[in-house]
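Visitor: Fold the following.
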Amino acid sequence: MRILVGDVRPRVKDSDARMSRKRTGKNTASQAGDTEPMEPVRKTPLRRKASRKSSPADQDRRAASVHGLSHEGQIRELNEDSWRWEPLTDDAALYAVADGMGGHDRGEVASELAISTLFAEGKTEMEAADGRDVETLKGVIHTSFANANRAVLECGRDNDSNMGTTLVTALVYRDSDAFVANVGDSRGYLLRGGSLQQVTRDHSLVAYLVQMGELTREQARTHPSGNILVRSVGSTDDVEIDVFHVPLQRDDALLLCSDGLWSELPDEEIQEIIVGNPDPKKACEALVARANEAGGKDNITCVVVVV
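Guide: This is a model prediction of the structure:
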C-alpha cells in the first residue's frame with residue numbers, strides 16, 4: 001500500500017514524498033545500516049587507464065569476476081526480485097538488483113521492467129556520451145534511473161496497479177571507478193582489504209529515524225515500521241536518486257543485494273562469507289544459503305563483482 005505523507009526525513013525535496021509499504025509479511029524489521037554509508041559523488045577527475053578495445057580475454061576475465069543469484073526464500077512462492085549485469089560499452093559494465101513491491105499486484109513485473117529499461121537507456125547514454133568524466137557518468141545513471149522510473153510508473157497507471165520496486169546499480173568504468181546508485185532499501189557494499197562497508201543509504205522510514213537520532217540502529221532492527229520505504233521506483237513522477245563515486249583498487253569487491261539478504265544476515269557475517277569465498281559464484285551461493293538458513297523470510301538476491 002502506498003501512503004502519501006509529508007516531510008518525514010531530513011533534506012526532503014519540496015514535493016511530497018510517497019511512502020511504499022513492501023508486502024513482504026516480515027515480522028522482523030529491516031536493518032537501518034550496520035556501517036556508515038559513503039559520501040555522494042563529487043566533481044573529481046577520473047583516474048584513466050590506457051585506452052584500448054576490449055579483447056576476448058578481457059571479456060572472459062570480466063565474466064569470470066561476477067556472479068549473481070536469486071532465490072524465492074523459505075516463505076514466498078513468488079520471486080519479485082530481478083538482477084542483471086552486462087557490458088554497456090568497451091570500457092564500462094553495469095550491474096543491478098531490483099526488489100519488486102506489490103505482491104501479486106505485479107511486483108515482479110516492476111522489478112524486471114525497471115532493470116530492462118535501466119540497461120537499455122544506460123547503453124544508449126554511454127554510447128552517446130561525450131567524454132567519461134565524473135559528471136558525464138553520473139548523468140548517465142540519472143537519466144537511466146529517471147527513464148526506468150517513468151516506465152514503471154506508466155505501466156502501473158496503464159494497468160491500474162500499485163506496482164513499484166527498489167533499484168541498486170553499479171556502473172563500473174575500466175575497473176578503476178564505480179558509480180553506485182540506489183532508490184529504496186536494496187543495498188550496495190564495498191569490500192576492501194577484508195573490511196565491508198555499506199556504500200548506499202537505505203530510503204526507509206527507520207533509516208531516516210536513525211539518521212535523525214530518534215532510533216538507535218539496534219532499535220531499528222526490530223522496529224515494526226522496518227518495511228516502510230520513503231523512496232521507490234515507480235511511486236512518483238520525480239524520484240530522487242543517490243549516486244556515490246567509489247574509486248576502485250585491485251581485488252575490491254562490490255556486493256549488490258536485496259533486503260532479503262541483509263535483513264537476515266548482519267554485515268559482519270556477510271563480510272565473513274565474502275572474504276571466505278573469493279570466487280563470486282561461491283560467495284553468492286554461500287550468501288543465499290546462509291540467508292535461507294537464517295529464515296529466508298523474503299526473496300534473496302545478490303550480485304558479487306570482483307575487480
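Visitor: partner residues bridging residue 96?
Guide: residue 84, residue 169 (DSSP bridges).
Visitor: Run through the residues that contact it.
Guide: Contact analysis of residue 96 by CB atoms under 8 Å, 6 or more residues apart in numbering lists 83, 84, 85, 115, 118, 119, 167, 168, 169, 170, 256, 303. To be clear about C-beta, it is placed using only N, CA and C from the backbone, and glycine gets the same treatment.
Visitor: repeat for residue 183
Guide: Counting by CB under 8 Å, 6+ apart, residue 183 makes contact with 145, 149, 166-168, 203, 231-233, 239-242.
Visitor: State the helix or strand in which residue 289 lies.
Guide: In this assignment (DSSP states H and E), residue 289 forms part of helix 280-293.
Visitor: Tell me which residues of that helix come out buried.
Guide: Neighbour counts over helix 280-293 (16 or more other CB atoms under 10 Å) mark 280, 283, 284, 285, 286, 287, 288, 290, 291, 292 as buried.
Visitor: Output these in TSV, with distance to residue 247 appended to each entry.
Guide: Formatted as TSV, those follow (distance: CB to CB, whole Å):
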residue	distance to residue 247
280	21
283	22
284	25
285	29
286	28
287	25
288	29
290	30
291	30
292	35
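Visitor: In contact with the residue nearest to residue 295 when sequence neighbours are not counted, which residues?
Guide: Closest residue to residue 295 apart from its sequence neighbours, by CB to CB, 6 or more residues apart in numbering: residue 264 at 5.6 Å. Residue 264 sits next to 290, 291, 294, 295, 296, 297, 300 when contact means CB under 8 Å, 6+ apart.
Visitor: Next one: the closest residue to the third one other than its chain neighbours from residue 293, what distance?
Guide: Excluding its sequence neighbours, the residue lying closest to residue 294 (CB to CB, 6+ apart) is residue 264, at 4.1 Å. Applying CB to CB, to the nearest Å, the value for residue 264 to residue 293 is 9 Å.
Visitor: try residue 286
Guide: Distance, residue 286 to residue 293, by CB to CB: 10 Å.
Visitor: how about low-confidence regions in the chain?
Guide: Within the chain, the segments meeting pLDDT under 70 span 1-64, 103-105, 221-222.
Visitor: Pull the distance from the lengthiest helix in the chain to the chain's centre.
Guide: When the chain is parsed with DSSP state H, its longest helix is helix 134-158. For helix 134-158, the separation from the chain centroid amounts to 14 Å (computed by CA atoms, centre = their mean, to the nearest Å).
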